[in-house]
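S.K.: Provide a 3D model corresponding to the input given below.
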Amino acid sequence: MKALVAVKRVVDYEVKVRVKPDNSGIELNNVKMSMNPFCEIAVEEAVRLKEKNIISEIIVVSMGDKESQKQLQTALALGADRAILVESSDDLQPLTVAKLLKAIYDKEQPDLVIMGKQSIDGDNNQTGQMFAALAGLPQGTFASKVDVADGKVDVTREIDGGLQTVSLNLPALVTTDLRLNEPRYASLPNIMKAKRKPMETLAPADLGVSGKEHFKTLKVESPPVREAGIKVESVEELVDKLKNEAKVI
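M.R.: Residues are numbered from 1 along each chain as shown. Model (predicted):
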């Protein structure tokens, strides 16, 4: 059984992002980059399934510039078997990424596709659903538990009313949520071994996909600075301020 796992290079979650002076985007120069946290969870889940002898091969794929090789190397050190980089300097939008994943899926024919539910930079939560629609696959999104057996994958997912479990026939897509697992750290021996694992580099044109923009970002702005709060001496003063200053009651 083969698994395809998508990973993305993003600004590290501990970094406070800064907007470019011209408001065209986020400043990325000299900024620490890492694997998207939800993608780390996807890689970890695939590795755990491999350790249970459910999955025999894990292929990790990323779309982005040459620097994305670093995140693929991390995934290889965590337990993936080989990697594919679709190299592009363009700012690839969710639909384009979904089309590229569909082309990789057609090429590799995996039994299970796993990816994070969203990336922490765009926060779009679109790519997984778009890919499943393009590939004609059943999908289990926001997974907090995954069980694979007898040609099916049971996905427990978080919904507004609690938990819902769906049973999907393989091949299928699963997108991971935070509570699915806790990713491991790569050991030094595995980091060294990862350098010898195969990594294939392709261009979008090799997969028959163009980088056409489907929407345009007009401006990126920092959120407004919040004013400092104040302390009130009594409930009456609080009610007065809510009524006459904040005008919320």
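
S.K.: how about the residue lying closest to residue 18 once chain neighbours are set aside, what does it touch?
M.R.: In space, and not counting its chain neighbours, residue 18 is closest to residue 27: 4.5 Å by C-beta to C-beta, 6 or more residues apart in numbering. C-beta coordinates here come from the backbone N, C-alpha and C atoms, glycine included. Listed by C-beta atoms under 8 Å, 6 or more residues apart in numbering, the contact partners of residue 27 are 17, 18, 19, 20.

S.K.: let's have those in CSV, adding neighbour count and secondary structure.
M.R.: Formatted as CSV, the contacts of residue 27 follow (neighbours: other C-beta atoms under 10 Å; DSSP: H, G, I helix; E, B strand; the rest coil):
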residue, neighbour count, secondary structure
17, 14, coil
18, 13, coil
19, 15, strand
20, 12, coil
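
S.K.: out of these, which one sits closest to residue 118?
M.R.: Checking those against residue 118 by C-beta to C-beta gives residue 17 as the nearest, at 16.2 Å.

S.K.: so the closest residue to the closest one other than its chain neighbours versus residue 14, what's the distance?
M.R.: Distances taken as C-beta to C-beta, 6+ apart put residue 26 closest to residue 17, at 5.2 Å, once the chain neighbours are dropped. Counting by C-beta to C-beta, to the nearest Å, the gap from residue 26 to residue 14 is 15 Å.

S.K.: between these two, which is the more surrounded one?
M.R.: It is residue 26, of residue 26 and residue 14, that has more neighbours when counted by other C-beta atoms under 10 Å, with 12 against 7.

S.K.: so what's the backbone phi/psi at the more buried one?
M.R.: phi -100, psi 140 (degrees, to the nearest 10).

S.K.: show me what the longest strand along the chain is packed up against.
M.R.: If you go by DSSP state E, the chain has its longest strand at strand 139-149. The contact analysis (3 or more C-beta pairs under 8 Å, 6 or more residues apart in numbering; DSSP states H and E) places strand 139-149 against helix 37-51, helix 127-135, strand 152-159, strand 162-169, strand 172-176.

S.K.: of those, flag the one that's most buried.
M.R.: Of these, the one with the most neighbours on average (mean count of other C-beta atoms under 10 Å) is strand 172-176, at a mean of 27.

S.K.: pLDDT of that one, averaged?
M.R.: On average, the pLDDT along strand 172-176 is 97.

S.K.: could you tell me the angle between it and strand 139-149?
M.R.: Counting by axes from the mean of the first three to the mean of the last three C-alpha atoms, to 10 degrees, strand 172-176 lies at 100 degrees to strand 139-149.
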